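*Asks:* sequence unknown, structure follows:
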């Protein structure tokens, strides 16, 4: 899976022509009636909890450019649902899921969310990948007081009462990566990224932290998401003579970057790259050129935890399996179990009851990456920081680990080098 | 020195790839008035062909040279299939072909997504393309030279074919004046199919080169199609010479802008230049002199 956030694929947007279907008004009227009172648990909800099943919605791009990454998330959600059902379901109710296709089109994500909440009457929605898709879903789940579980690392600076974030925020992926670089004695860093909100925000944070760590930024390059050819930019990297590259490129453009880097004669031995979007799923498409470089994630398939072997085995045995597990997949898997834990703690599928249960800060899950704890205030989870080095089997050897689980801090409020005015500026810019 | 030399060399390589992608578009639009939005997917087919050939021939030193002609034929056959099943019913209706081929493009991309691993597949570069060539102090990656040589060979072959063979003469006659060509006994149907085959095949060859530069996945064709259309428009439709100059100019301009500004800004600036150029010279660089009344 390529990673994160906002993907302004203008060309594939063309491909979405005709896929957008207007949501039916039928149940919408009912949901509209209740907007005023929806913040109270007494508000009428169309979620049907009388039977022995509970409806959940899965919303992933199965067509269009982002299907490259989101198909796997959809499959792993199906696997998790089957697993939970085999173990008795949630509060004794089996999961009946409704799969919807976001079609790599952000308005479609909003419309499908509306449909899932008001017409299918699902108790919660799982999915999304790009920040654009999340930002399209956000106002809709907030309007209908629904629940959305988002499984991908992202640029942070967000917290919605109706969204749970099970991927890393910046202080759980970007900052650990910088700590790793500092521990390696890196002095000159070059920033390479795709041109959209995640790399721009990440690099703004990296530059502030680098100043604090005494690391010099010797260059910064952005290329549009849909461009693979990095040759011209790599020529600039060669000229800048950095000793490490911080890579926030997303998607297929990463393949072009790694190839151009190798072809320019730069190697992992002399000038390694640390990436935040290359995982077990992406590495094979890059061939041997990517071997020896690093990636920062919370989960790696090679992690030795009690629960990881079972997760890997279940996935390998699952039909449609890609055979390898990766961080965004694991975060999607966590999201289902986190929801189960929340509902069981609340004793109810009601959204306000679920949020109240979260507030107690006692919800945990023995995830493949380790025991994660939900922060009921910002709706993110604690995570271990890991740096992996890519070996010749496209698996990651753990090169560095944070000494404890990192508490989520989406607004970086506990970091003194992150000034309030820049925080405000970035939050405003991210919309 | 790098600031002057590197963009010139890399831009020429980028232009070479653009040229291979644009040639087929130029031919089919010039001759048949077909706007083929699925052209980028023929490039994708070429890249996946390279991957499949590597599954059979393990040595990448050998498999890439083998993949080039195979990709030409495979992508050409897909082009032929598209022509026979869809395009032939809508010649001279550019807008209709545009809409229909956008649909075909989506179908081909989704098919690739279903058939191959969704993240894409690795295509190994031949060992003889490892390394750099020192040109005035700049270490130029060898694979860039490969793109240029490949384009040069393809263009020379295409030019010779158009100029010296009877098929080539028939193609040129059809481009100049379809009605007159038909009355002279040329089967323009056969000529059209052959042109479509050749144009799609060249995109397939470009796909093999592209698989050594970027990712080989279902979405890879998208990034080339718009730039290729700009090259066709700027070069003058249906004109080999104009297409060559335009492809090189767009490639080098993009590369200089990318080196001096950023990758994103480079796209914007280069496209603005093309638009300004087309305002000043809407017919493109090179035009056909024709006695045709239309």
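*Replies:* All right, it came through fine. All figures in this text were calculated on a predicted structure; none of them were measured in a lab. Numbers count the residues shown, from 1 in each chain, chains lettered A, B, ... in the order given.
*Asks:* touching chain A at all, stretch B:104-122?
*Replies:* Yes: Stretch B:104-122 is in contact with chain A by C-beta under 8 Å from any C-beta of the partner chain, via B:105, B:106, B:109, B:110, B:113, B:117, B:118, B:119, B:120, B:121, B:122. Where you see a C-beta, it was placed from the backbone N, CA and C, and this is true even at glycine.
*Asks:* okay if I get those as TSV plus pLDDT and secondary structure?
*Replies:* Below are those laid out as TSV (pLDDT from 0 to 100; DSSP: H, G, I helix; E, B strand; the rest coil):
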residue	pLDDT	secondary structure
B:105	96	helix
B:106	95	helix
B:109	95	helix
B:110	93	helix
B:113	91	helix
B:117	89	coil
B:118	86	coil
B:119	88	coil
B:120	91	coil
B:121	94	strand
B:122	93	coil
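*Asks:* please indicate which of those are buried?
*Replies:* Neighbour-count burial within those applies to B:105, B:106, B:109, B:110, B:113, B:117, B:118, B:119, B:120, B:121, B:122; the criterion is 16 or more other C-beta atoms under 10 Å in any protein chain shown.
*Asks:* among those, which pair sits farthest apart?
*Replies:* B:106 and B:122 (25.0 Å; C-beta to C-beta).
*Asks:* can you mark which positions in stretch A:128-141 are buried?
*Replies:* Across stretch A:128-141, burial judged by 16+ other C-beta under 10 Å covers A:128-138, A:140-141.
*Asks:* in helices, which of those fall?
*Replies:* If you go by DSSP state H, the buried residues of stretch A:128-141 have A:131, A:132, A:133, A:134, A:135, A:136, A:137, A:138, A:140, A:141 in helices.
*Asks:* tabulate these (TSV), appending pLDDT and distance to residue B:65.
*Replies:* Formatted as TSV, these follow (pLDDT from 0 to 100; distance: C-beta to C-beta, whole Å):
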residue	pLDDT	distance to residue B:65
A:131	91	43
A:132	91	42
A:133	95	43
A:134	96	46
A:135	94	48
A:136	96	47
A:137	97	49
A:138	97	52
A:140	97	54
A:141	97	54
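*Asks:* out of those, which is nearest to residue A:344?
*Replies:* residue A:141 (21.5 Å).
*Asks:* would you confirm that that closest one contacts residue A:117?
*Replies:* Yes: with contacts counted by C-beta atoms under 8 Å, residue A:141 reaches residue A:117, the gap being 7.1 Å.
*Asks:* what's the overlap in contacts for those two?
*Replies:* residue A:125 (C-beta atoms under 8 Å, 6 or more residues apart in numbering or on different chains).
*Asks:* quick revisit: restrict the buried residues of stretch A:128-141 to contacts with chain B.
*Replies:* Of the buried residues of stretch A:128-141, not one also sits near chain B (C-beta under 8 Å from any C-beta).
*Asks:* which residues of the stretch 251-400 of chain A lie near chain B?
*Replies:* Listed as neighbours of chain B in the stretch 251-400 of chain A under the rule C-beta under 8 Å from any C-beta: A:252-256, A:259-260, A:263-265, A:281-282, A:284-288, A:322.
*Asks:* show me which of these are buried.
*Replies:* A:252-256, A:259-260, A:263-264, A:281-282, A:284-287, A:322.
*Asks:* give me the subset of the residues you listed lying in helices.
*Replies:* A:253, A:254, A:255, A:256, A:259, A:260, A:263.
*Asks:* pick out the residue nearest the middle of chain A.
*Replies:* residue A:152 (0.6 Å; C-alpha atoms, centre = their mean).
*Asks:* what count of nearby residues applies to the nearest residue to it once chain neighbours are set aside?
*Replies:* Of all residues beyond its chain neighbours, the one nearest residue A:152 is residue A:167 (4.4 Å), with distances taken as C-beta to C-beta, 6 or more residues apart in numbering or on different chains. Applying other C-beta atoms under 10 Å in any protein chain shown, we find 27 residues neighbouring residue A:167.
*Asks:* ok, residue A:375 next?
*Replies:* So residue A:375, with other C-beta under 10 Å, has 19 neighbours.
*Asks:* from residue A:166, how far off is it?
*Replies:* Taking C-beta to C-beta, to the nearest Å as the measure, residue A:375 and residue A:166 are separated by 12 Å.
*Asks:* shared neighbours of these two, anything?
*Replies:* With C-beta under 8 Å, 6+ apart, residue A:375 and residue A:166 have common neighbours residue A:381.
*Asks:* residues in contact with residue A:417?
*Replies:* Counting by C-beta under 8 Å, 6+ apart, residue A:417 has contacts A:208, A:209, A:211, A:212.
*Asks:* closest one of those to chain B?
*Replies:* Of all those, chain B sits closest to residue A:208, with 20.6 Å by C-beta to the nearest C-beta.
*Asks:* helices or strands up against the host helix or strand of residue A:331?
*Replies:* Here residue A:331, judged by DSSP states H and E, is contained in helix A:327-346. Helix A:327-346 sits against helix A:67-86, strand A:125-127, strand A:148-150, strand A:163-165, helix A:308-317, helix A:351-359, strand A:364-367, with contacts defined as 3 or more C-beta pairs under 8 Å, 6 or more residues apart in numbering or on different chains; DSSP states H and E.
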